[in-house]
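> okay, sequence plus prediction incoming.
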Amino acid sequence: MSMSVDVSPAAARCCARCQGPLEPGDLRCAVCGLAAPQDRGPAPPPVQVLRCTECGAAVAYSAEAQAPKCRFCGAVTRLEQPVDPIDQADWLLPFGVPPAQADQALRRWMSTLGFFRPSDLSQAATVEGLRPIWWAGWLVNADAVVSWTADSNAGARRSAWAPHAGQTQLPFRSLLVSASRGLSLDEARELAPRFRLDQVVPVAQRTQQQLGPGDAVLEQFDAQRSAARKIVSERIAAAAEEALKRGVIPGSAFRNVHVAVLLRALETRRVALPSYVLAYRYEGRSYRAVVHGQDASCVTGTAPIAWGKVVLVVVGALALIAIVVAALALTRAG
């Protein structure tokens, strides 16, 4: 999805040195690091958020919501009015999965976890909470010069590997980078590829039409782009490595791939991404799963291990090894 959308005049400021776009609150240019001119615009109005005492996630406060527990981990939340400005999502993706379908998706996911999970997990587990949430993320457009080194099977001759190096210019469009404190990076990576970014709408439409369950809340952006540059840069570097393996590096097998990224342009948009956070209990212990808000087939989370099955497999493997050793000993003795 292209991010060439209308922005406010404040957001359209450019760096005096590299002409990279500056966002409100940027202390330095995200591309070249030049100090940004002081923003003399009006101060944003103070906001109140519900802050989790465990995971630190913050969601928009609503007196009507009455949400004393964290939507991500279930811990106690407290009302907070931060001194520093809290960024809001500019765009959001509507929910495409209703709550009942999310519950069914969790049950299906439980039944596909494999042999080492409890056989009765999908039937015996009790869902204790199903919480719709729009979690925080950045949509990133960037242009970069990428220098790389790698070993591949191209031109290896007698050796299995041959060294290669090079430099190329790569565009990155609609990269999704997690800004969530409530979801882990692994959970966000599982969910990100399934979002339909062409359906993004201005967040203001949330009050004008039904874009999700009535009790869904928005996670707030604690870190501004300047403070989160490391996270964004790491995501761009990972995307660059994937792009290099798809056709830039010669060969079909690779190892020791290293990249250095020099940004030429960087544009970000704050976006709210729909998901369901479900808490369930099995044999007295609590677990968490996250169901994609637009694709019910995408579920990630934690689940119990059937240790009895693990012990059975280990004992069986040891018994098989003992039989093989005994058979070899008898063969040698004969």
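Thanks, I have the structure now. Numbering: from 1, shown residues only.

> show me where this protein has its helices.
Per DSSP state H, the chain has helices spanning 99-110, 121-124, 185-191, 229-243, 307-333. These are given in chain order.

> buried set for the last one?
By neighbour count with 16 or more other C-beta atoms under 10 Å, helix 307-333 contains no buried residues. For every residue, glycine as well, the C-beta is placed using N, CA and C.

> could you do stretch 266-283 as well?
Within stretch 266-283, the residues scored as buried using 16+ other C-beta under 10 Å are 266-280, 282.

> surely residue 18 meets residue 32?
Yes: using C-beta atoms under 8 Å as the test, residue 18 is close enough to residue 32 to be in contact (4.4 Å).

> quick check: neighbours shared by those two?
Common contacts of residue 18 and residue 32, defined by C-beta atoms under 8 Å, 6 or more residues apart in numbering, are absent altogether.

> list the ones among the buried residues of stretch 266-283 that fall in strands.
Applying DSSP state E to the buried residues of stretch 266-283, the entries found in strands are 266-280, 282.

> closest to residue 190 among the buried residues of stretch 266-283?
Ranked by distance to residue 190 (C-beta to C-beta), the buried residues of stretch 266-283 are led by residue 275 at 10.3 Å.

> which residue is the nearest non-sequential neighbour of that closest one?
The shortest distance from residue 275 to any residue other than its chain neighbours is 4.7 Å, reached at residue 293 (C-beta to C-beta, 6 or more residues apart in numbering).

> burial count for the one you found?
The tally of other residues near residue 293 (other C-beta atoms under 10 Å) stands at 27.

> can you check the one 4 residues further on too?
The burial count assigned to residue 297 is 11, neighbours taken as other C-beta under 10 Å.

> from memory it sits against residue 105, does it?
Yes: counting by C-beta under 8 Å, residue 297 touches residue 105, with 7.1 Å between them.

> where in the stretch 151-300 of the chain is pLDDT low?
Screening the stretch 151-300 of the chain residue by residue with the criterion pLDDT under 70, one finds the ranges 223-227.
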